[in-house]
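What shape does this take:
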Amino acid sequence: MGNEHEYDLEKMKERTKKDIDKLVGIIAEFRKLKLDQKYPAALKWAENYLFDSEHFYKEKKYFTAFGAANYAYGIIEGLLITEGKK
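Sure thing, here's the model as predicted:
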């Protein structure tokens, strides 16, 4: 195995990918519940952060990608909680 930094980077890459996928899933759930119609601006913000997250991931800026994905997840999850759907 490589040095500790390489290992940590690989762990961050894996975790970031997992969280991006989780964000895609919660956005799909949000749409399925038709909450995109009630909260179009919030959905747009979340989708913009998803786009940014995927971009940063491709650029190997995993920490930044992770932050963007989790920020967007929080926006959507908060609305799901508010609506009693989570």
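
Model confidence score at the closest residue to residue 47 other than its chain neighbours, please.
Of all residues not flanking residue 47 in the chain, residue 27 sits nearest, at 6.8 Å (C-beta to C-beta, 6 or more residues apart in numbering). To be clear about C-beta, it is placed using only N, CA and C from the backbone, and glycine gets the same treatment. Predicted confidence (pLDDT) at residue 27: the value is 98.

Near residue 27, how many other residues are there?
Look at residue 27: counted by other C-beta atoms under 10 Å, it has 19 neighbours.

report the longest helix in the chain, please.
When the chain is parsed with DSSP state H, its longest helix is helix 4-32.

After the helix or strand of the chain with the lowest mean pLDDT, which helix or strand is next?
With mean pLDDT, DSSP states H and E as the measure, the helix or strand of the chain carrying the lowest mean pLDDT is helix 4-32 (a mean of 91). Proceeding N to C from helix 4-32, the next assigned helix or strand is helix 35-38, under DSSP states H and E.

about what we covered before: tell me the helices and strands packed up against the least confident helix or strand of the chain.
Applying 3 or more C-beta pairs under 8 Å, 6 or more residues apart in numbering; DSSP states H and E, one finds that helix 4-32 contacts helix 40-58, helix 62-82.
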